[in-house]
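# Next one to model:
(one chain, ligands or ions: 1)
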Amino acid sequence: MRRRLAAGNWKMNGTAASLSEMDALIEAHLSPSVEILLCPPATLIAAMASRKGQHPLAVGGQDCHAAASGAHTGDLSAQQFKDAGATFVLVGHSERRTDHRETDDVVAGKARAAHAAGLVAVICLGETLAEREAGQTLDVVGRQLDNSVPDGATGLNTVVAYEPVWAIGTGLTPTSEQIGEVHEFMRSRLSARFGADGAYFRLLYGGSVKPSNATEIFAIPDVDGALVGGASLKAADFSPIVTALE
Ligand code: PEP
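You can find the predicted model right below:
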């Protein structure tokens, strides 16, 4: 009932030459049984969307503004991503929360804008190392979940990615028990708020997912896929992660 999702976040990496990595990924997964999403830098969205042709690979933005248009130099709206061929957009990535001081309220506004434009919002959240060590993980995740996921979110228009900040780009990963605890917590919190629809939200794990740990992570209950940074840049790394999810 929840289609598994392998999502790649290229961050501020990639030029037109990098589209050959998408070609290789498509070649390796001509009829994927899971959903594959690539979020390249905004400069590559339109090219990626047109070059993939009829292949079901989805293309997404990495952030959007909460407004539909206006005087926001350098920003891009959800509608503009949609116009360029995106069907998803990440919001609330920890690098946005840290580098641009985005609060849960700001993230919820971006998710609402994504929904209004017809995009699926991938809402990212997760605790810092200090918060985990202080035993605050579920408090932090609960607060971010309650306040970053807007009313109007459904299992169709929203994906939640649990990404512990200390696991992103560090090579560190939580134990399976730790990932399982947070995912079970998020599922029950979403069900308490959204009723039966809570069961339909896809929950991703993100943070140093690699071919070597993907199978173990994907076996954890309520993990419906992964949001992958570094290992999504090369098809040779991302393709085995997709295969592990299939
Ligand atoms: C990310 O940026 O969302 C991420 C999970 O990065 P990495 O896989 O490199 O840890």
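# Tell me how many other residues crowd the residue of the chain found nearest the ligand.
Closest to the ligand within the chain is Gly229: 2.2 Å, counting by CB to the nearest ligand atom. Any C-beta I mention is one placed from the backbone N, CA and C, and that applies to glycine too. Here the number of neighbours of Gly229 (other CB atoms under 10 Å) works out to 22.
# how close does it get to Asp83?
From Gly229 over to Asp83 the distance is 26 Å, taken as CB to CB, to the nearest Å.
# Kindly report the same for Thr215.
Look at Thr215 and Asp83: by CB to CB, they are 38 Å apart.
# what do you get for Ala58?
Distance, Ala58 to Asp83, using CB to CB: 16 Å.
# same thing with Gly118?
In terms of CB to CB, Gly118 sits 11 Å off from Asp83.
# which helix is the longest one in this structure?
The helix spanning the most residues in the chain, taking DSSP state H as the definition, is helix 176-194.
# Which other helices and strands does that helix contact?
When contacts are defined as 3 or more CB pairs under 8 Å, 6 or more residues apart in numbering; DSSP states H and E, helix 176-194 packs onto helix 137-148, strand 158-162, strand 202-206, helix 211-218.
# and these as TSV, adding mean pLDDT?
Formatted as TSV, the helices and strands packed on helix 176-194 follow (pLDDT from 0 to 100):
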stretch	mean pLDDT
helix 137-148	98
strand 158-162	98
strand 202-206	98
helix 211-218	98
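# Can you lay out the ones you listed as TSV showing mean neighbour count and distance to the ligand?
Converted to TSV, the helices and strands packed on helix 176-194 look like this (neighbours: other CB atoms under 10 Å; distance: least, CB to the nearest ligand atom, whole Å):
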stretch	mean neighbour count	distance to the ligand
helix 137-148	18	15
strand 158-162	26	7
strand 202-206	24	4
helix 211-218	17	11
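# Looking at these, spot the one closest to Arg51.
The closest of the helices and strands packed on helix 176-194 to Arg51 is strand 158-162. By CB to CB, the value is 24.0 Å.
# Report the strands that pair with the closest one, each with its relative direction.
Strand 158-162 pairs in its sheet with strand 120-125 (parallel), strand 202-206 (parallel), by DSSP bridges.
# Show me the contact partners of the longest one.
Residues external to strand 120-125 that are found in contact with it (CB atoms under 8 Å, 6 or more residues apart in numbering): 7, 37, 60, 87-94, 107, 110-111, 114-115, 141, 144-145, 148-149, 153, 156-163, 204, 206, 227.
# For that strand, the averaged confidence score.
Throughout strand 120-125, pLDDT has a mean value of 98.
# Please pull up the helix or strand immediately following it.
Sequence-wise, the next helix or strand downstream of strand 120-125 (DSSP states H and E) is helix 129-133.
# what does the protein have sitting close to the ligand?
Near the ligand, the residues belonging to the chain are 9, 163, 168-169, 206-209, 227-231 when assessed by CB under 6 Å from any ligand atom.
# try it again with 5 Å
Residues of the chain lying near the ligand by CB under 5 Å from any ligand atom: Asn9, Ile168, Gly169, Gly206, Gly207, Ser208, Leu227, Val228, Gly229, Gly230.
# What's opposite the first one in the beta bridge?
Counting by DSSP bridges, Asn9 forms beta bridges with Cys39.
# Surely Glu246 touches Glu35?
No. Assessed by CB atoms under 8 Å, Glu246 is found out of contact with Glu35, at 10.8 Å.
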